[in-house]
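Visitor: Sequence first, then the predicted structure:
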Amino acid sequence: MPASMHDWPIYGDFFSTAEMRAVWDQDAAIRRWLEVEAAISTAQAKLGIIPAEAGDVVADAALGVKVDLDRLAEDTKLAGRPIVGLTKQLKRQVGEEFGDFVHWGCTTQDIMDTGAVLQMREALTLVDAELDAIDHHLADLIDKHGTTPMIGRTNGQYAQEITIGLKLGVWREELKRRRGALADAAGRALFIQFGGAVGTLAAFGDQGSALRRDVAKALDLQAADIHWQNARDGVAEVVSQLGVLCGSLEKIGRECNALCSDDVGEMRERARNGAGASSAMPHKRNQRCSEFAEAVARLGRHRASQAADLMGHQHERSGGVWIAEWMTVPDVFLCASGALSWTSRLFSSLEVDEIATSRNLTASGGTGESERYTLLLAKHIGRAAARDAVARACARSKKSGATLLDELQRDQAVPPL
């Protein structure tokens, strides 16, 4: 049985998507580490740091080696890091003549950090694609129902009339801001990590900076002028922004669920045979997309709350903090992918019940016009008196079932409207 619920067969894509799991699974991580090793060897050979032939042999081996996972696991248990065992296997693959040039002058964190950045870049592309799909679904809904009137609510009570387009438009703009914030964060985070043992690149002399630039170019990453092995603000910012995104998705999912309730009924998830079935109550068709969008987004937000903790490195390296990234960063991306997928499915199947929106507007008795009536009356009897008159009329309207306008017109102290 898989240890992580992300991998439970019965849950399938409930908590994350298959595409995102593929970005962060063990094979993908190892492949990225080897990709970094290959880029470093090629760049070192180009600069004459290692023999040209050694660079080709090491790079070819890194991109083609068949890793013994059982042996790697045993070596990792012993060393506490996977790169030690991985480079042992790579050296055996390269052979005795050039084996010493594997991982030449490098350190484990350079390989793992840069590999993780490559994974983050791929993962952010998936996030962006899901946000793009959600935006299109919202645009379609706004195009179809944008002018449909509905009652607005504040603190769970009827407020004023709004439109479906306004409600959906707020969500759409919020998610556009989250998309932009993630892109900005990525611009400050997707840098190669290459500093050597303590960030000085001492093993490469005056060629260190050139080597860092060449490796970055090979991997299509940005190259900072200085290492960031103990400055994790870039990683923390991406994780934090994913958390804020999850916060938005959580809020939207919860509100959609409420709007689909029998008590409101202004929206519903399109019927599908067996979808949202209850084991006890045959009459129910539960709104699963909004339910899971809210739940999984909440999980992502909770996990992202650890982002600031990832920044607490001491001196030039701090394994006790860095190790937490190994689980936290993938977990946040995985949960975010699940929340995004459910939200996309929600908006692709969401239906607006215009009969219900009209019914609820009527049920409000026109109290949504209270502000407008107050301002109209204020021109004649003063704002305080107008407010009191409208408040009295609202109270009578709730008891009598008459509209607010009817009750105002019955009040002899109120001038005609």
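Guide: Nice, I can see it. Residues are numbered from 1 along each chain as shown.

Visitor: burial count for the closest residue in space to residue 194 that isn't next to it in sequence?
Guide: If the residues on either side of it in the chain are set aside, residue 194 comes closest to residue 212, at 4.5 Å by Cβ to Cβ, 6 or more residues apart in numbering. C-beta: built from backbone N, CA, C; applies to glycine. Look at residue 212: counted by other Cβ atoms under 10 Å, it has 26 neighbours.

Visitor: average pLDDT for the helix or strand hosting residue 212?
Guide: Residue 212 belongs to helix 208-219 when elements are defined using DSSP states H and E. On average, the pLDDT along helix 208-219 is 96.

Visitor: and what of stretch 387-406?
Guide: According to the model, stretch 387-406 has a mean pLDDT of 82.

Visitor: can you check stretch 163-179 too?
Guide: Average pLDDT, stretch 163-179: 97.

Visitor: who's in contact with it?
Guide: Residues outside stretch 163-179 that contact it (Cβ atoms under 8 Å, 6 or more residues apart in numbering): 128, 131, 134-135, 138-139, 141-142, 145-150, 152, 241, 244-245, 248, 252, 352, 357.

Visitor: Can you tell me which of the residues you listed end up in strands?
Guide: Among these, the ones falling in strands (DSSP state E) are 149, 150, 152, 352.

Visitor: quick check, nearest of these to residue 305?
Guide: Residue 305 has its nearest neighbour among the ones in strands among the contacts of stretch 163-179 in residue 152, at 31.1 Å by Cβ to Cβ.

Visitor: Contact partners for residue 224?
Guide: When contacts are counted by Cβ under 8 Å, 6+ apart, residue 224 touches 191, 192.

Visitor: and with 7 Å instead?
Guide: Counting by Cβ atoms under 7 Å, 6 or more residues apart in numbering, residue 224 touches residue 191.

Visitor: What of residue 242?
Guide: Shown in contact with residue 242 (Cβ under 7 Å, 6+ apart): 300, 304, 332, 333, 336.

Visitor: correct me, but residue 28 touches residue 20?
Guide: No: using Cβ atoms under 7 Å, residue 28 is not in contact with residue 20, being 10.5 Å away.

Visitor: Can you give the contact residues for stretch 4-24?
Guide: For stretch 4-24, contacts defined as Cβ under 7 Å, 6+ apart pick out 2, 28, 119, 122-123, 126, 292, 296, 330, 333-335, 337-338, 341.

Visitor: buried stuff in that stretch?
Guide: 6, 13, 14, 15, 16, 17, 19, 20, 21, 23, 24 (16 or more other Cβ atoms under 10 Å).

Visitor: In helices, which of the residues you listed appear?
Guide: Counting by DSSP state H, these place 19, 20, 21, 23, 24 in helices.

Visitor: Any figure for the gap between the second one and residue 330?
Guide: In this structure, residue 20 and residue 330 are separated by 9 Å, where distance is defined by Cβ to Cβ, to the nearest Å.

Visitor: What of the third one?
Guide: Using Cβ to Cβ, one obtains 9 Å as the distance from residue 21 to residue 330.

Visitor: cool, the fourth one as well?
Guide: The gap separating residue 23 from residue 330 is 8 Å, by Cβ to Cβ.

Visitor: what sits up against stretch 357-372?
Guide: In this structure, residues lying in contact with stretch 357-372 by Cβ under 7 Å, 6+ apart are 148-151, 158-161, 264, 266, 390, 394, 397, 403-405.

Visitor: what would the buried residues of stretch 4-24 look like in JSON lines with distance to residue 166?
Guide: Formatted as JSON lines, those follow (distance: Cβ to Cβ, whole Å):
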{"residue": "6", "distance to residue 166": "37"}
{"residue": "13", "distance to residue 166": "32"}
{"residue": "14", "distance to residue 166": "32"}
{"residue": "15", "distance to residue 166": "32"}
{"residue": "16", "distance to residue 166": "33"}
{"residue": "17", "distance to residue 166": "31"}
{"residue": "19", "distance to residue 166": "33"}
{"residue": "20", "distance to residue 166": "32"}
{"residue": "21", "distance to residue 166": "37"}
{"residue": "23", "distance to residue 166": "36"}
{"residue": "24", "distance to residue 166": "38"}
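
Visitor: ok, back up a step: looking at the ones in helices among the buried residues of stretch 4-24, which one is closest to residue 384?
Guide: Of all those, residue 384 sits closest to residue 20, with 57.7 Å by Cβ to Cβ.

Visitor: Next, count neighbours for the residue nearest to the closest one when sequence neighbours are not counted.
Guide: Spatial nearest neighbour of residue 20, excluding adjacent residues (Cβ to Cβ, 6+ apart): residue 337 at 3.6 Å. Residues lying near residue 337 (other Cβ under 10 Å) number 28.

Visitor: which stretches of the stretch 201-350 of the chain have low pLDDT?
Guide: Counting by pLDDT under 70, the ranges of the stretch 201-350 of the chain that qualify are 271-285.

Visitor: need the helices for it, in chain order.
Guide: 208-219, 233-259, 288-304, 319-349 (DSSP state H, counting those that start in this stretch).

Visitor: Serialize these to JSON lines and add fields for distance to residue 78.
Guide: Listed next are the helices of the stretch 201-350 of the chain as JSON lines, based on distance: least, Cβ to Cβ, whole Å:
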{"stretch": "helix 208-219", "distance to residue 78": "28"}
{"stretch": "helix 233-259", "distance to residue 78": "27"}
{"stretch": "helix 288-304", "distance to residue 78": "30"}
{"stretch": "helix 319-349", "distance to residue 78": "15"}
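
Visitor: Which strand or helix spans residue 158?
Guide: Using DSSP H and E, residue 158 sits within strand 157-163.
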